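Chemist: Structural data only, the sequence is not supplied:
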Ligand code: IPE
Ligand code: IPE
Ligand code: MG
Ligand code: MG
Ligand code: MG
């Protein structure tokens, strides 16, 4: 995470998270796991996006920070429960809550994280509080819809690319588009401005999940801080498997189907070669780049040129991430 830009924003986010954690002392059986997961960190993509979106309107203050941290708390709730659902024992290079403690502890920690997120969001003074809460809540519900579809698809033989795209728009895209939108709302943006920021976040979110799917096969557990091959082991249809089935043929396609049916982590290396040689990796990277360009185009009319340039630097950092 040391390669992360925006050190000043990050420090403000971390300090604000600590302040929120300070208000949660007792009981430790609930708050120790919450402190643990929040302090391990992560890329802080969503709170940065909230702050940088507000920055394109020339705003930055404590209200924006409260909203940013509320979004990060919500994101961590989704991860804690997602790791139970995906049976993943490592996240951010450390044991997940359910493996370090137990499943009940992780379920409750996740529940409390949403509550603390709402507390954080609702303590700001804002003329459009109802709109802020609705925006946030719609995303909470939609992430759950996306997670439900994700699980549904695991048990199915065929998933179309269109179904997959709808699913990732809900499970990942919505949280990023909401981050950008709510940052704009917190900064008192006009309806057109917050719509533009939301569109930016939606493109970025799609690119981000395609990349997450690629990294699940192409990275290393060390670099990712979470297990490589997790999607393979769960026999998941992802952007990568769907593209590979379209792009490969003959023996390569046959071997791909065998590897996907088997799911063993020992086959990740061979799968990486198939994806690279078959052009699937290159096609994924091309699509990620195209989406980031679309995201950039959405920002054409934002008032702060300096703010827009920072948000574009951020998008390009996301585009090049390897973890
Ligand atoms: C992980 O999100 C879940 C996905 C939607 C891919 P991040 O990759 O942003 O996770 P952290 O917060 O940096 O650990
Ligand atoms: C997680 O998707 C999305 C949410 C937590 C809502 P994944 O299951 O692909 O995320 P990772 O790969 O575990 O981070
Ligand atoms: Mg999952
Ligand atoms: Mg997962
Ligand atoms: Mg993943």
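Modeler: Sure, I can see it. Note that the coordinates shown come from a computational prediction; the quantities given were computed from them, not determined experimentally. Ligands and ions are numbered 1, 2, ... in the order given.

Chemist: switch to C-alpha atoms for all contacts and neighbour counts from now on
Modeler: Fine.

Chemist: For the closest residue to residue 174 other than its chain neighbours, the count of nearby residues, please.
Modeler: Of all residues not flanking residue 174 in the chain, residue 139 sits nearest, at 5.8 Å (CA to CA, 6 or more residues apart in numbering). Look at residue 139: counted by other CA atoms under 10 Å, it has 23 neighbours.

Chemist: Please point out which parts of the host helix or strand of residue 29 sit buried.
Modeler: Using DSSP states H and E, residue 29 falls within helix 28-40. Residues 30, 31, 32, 33, 34, 35, 37, 38 are the ones in helix 28-40 that count as buried (16 or more other CA atoms under 10 Å).

Chemist: Let me see the contact set for residue 95.
Modeler: By CA atoms under 8 Å, 6 or more residues apart in numbering, residue 95 lies in contact with residue 89.

Chemist: List phi and psi for it.
Modeler: The phi/psi pair for residue 95 (degrees, to the nearest 10) reads phi -60, psi 140.

Chemist: from now on call the first residue 246
Modeler: Yep, numbering from 246; the last one is residue 340 now.

Chemist: Bridging across strands, which residues link to it?
Modeler: Here residue 340 sits in beta bridges with residue 335, going by DSSP bridges.

Chemist: got a list of what the closest residue to ligand 1 within the stretch 346-495 of the chain touches?
Modeler: Going by CA to the nearest ligand atom, ligand 1 is nearest to residue 417 of the stretch 346-495 of the chain, at 4.7 Å. Contact partners of residue 417, counting by CA under 8 Å, 6+ apart, are 388, 391, 450, 451, 454.

Chemist: gap between it and residue 484?
Modeler: Distance, residue 417 to residue 484, using CA to CA, to the nearest Å: 13 Å.

Chemist: Residue 267 now?
Modeler: According to CA to CA, residue 267 stands 40 Å off from residue 484.

Chemist: try residue 532
Modeler: Going from residue 532 to residue 484 by CA to CA gives 11 Å.

Chemist: the more surrounded of the two?
Modeler: A direct count of neighbours by other CA under 10 Å for residue 532 and residue 484 places residue 484 higher, at 20 against 16.

Chemist: for the closest residue to residue 451 other than its chain neighbours, phi and psi?
Modeler: Computed as CA to CA, 6+ apart, the closest residue to residue 451 that is not its neighbour in sequence is residue 418, at 5.5 Å. Dihedral pair for residue 418: phi -60, psi -40, per degrees, to the nearest 10.

Chemist: and whatever residue of the stretch 446-568 of the chain ends up closest to ligand 2, what pLDDT?
Modeler: Ligand 2 sits closest to residue 457 of the stretch 446-568 of the chain, with a gap of 6.3 Å, by CA to the nearest ligand atom. Predicted confidence (pLDDT) at residue 457: the value is 91.

Chemist: give me the low-pLDDT residue ranges for the protein?
Modeler: Low-confidence segments of the chain, defined by pLDDT under 70: 246-249, 568.

Chemist: Residues of it that sit close to ligand 2?
Modeler: Neighbours of ligand 2 within the chain, by CA under 6 Å from any ligand atom: 323, 324, 327, 388, 416, 417.

Chemist: which of those are buried?
Modeler: Neighbour-count burial (16+ other CA under 10 Å) applied to the residues of the chain next to ligand 2 gives 323, 324, 388, 416, 417.

Chemist: is it possible to export these to JSON lines including distance to residue 408 and secondary structure?
Modeler: Shown next, in JSON lines, are those (distance: CA to CA, whole Å; DSSP: H, G, I helix; E, B strand; the rest coil):
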{"residue": "323", "distance to residue 408": "21", "secondary structure": "helix"}
{"residue": "324", "distance to residue 408": "22", "secondary structure": "helix"}
{"residue": "388", "distance to residue 408": "15", "secondary structure": "helix"}
{"residue": "416", "distance to residue 408": "12", "secondary structure": "helix"}
{"residue": "417", "distance to residue 408": "14", "secondary structure": "helix"}
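
Chemist: could you dump the residues you listed to JSON lines with distance to residue 512?
Modeler: Shown next, in JSON lines, are these (distance: CA to CA, whole Å):
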{"residue": "323", "distance to residue 512": "29"}
{"residue": "324", "distance to residue 512": "26"}
{"residue": "388", "distance to residue 512": "31"}
{"residue": "416", "distance to residue 512": "27"}
{"residue": "417", "distance to residue 512": "27"}
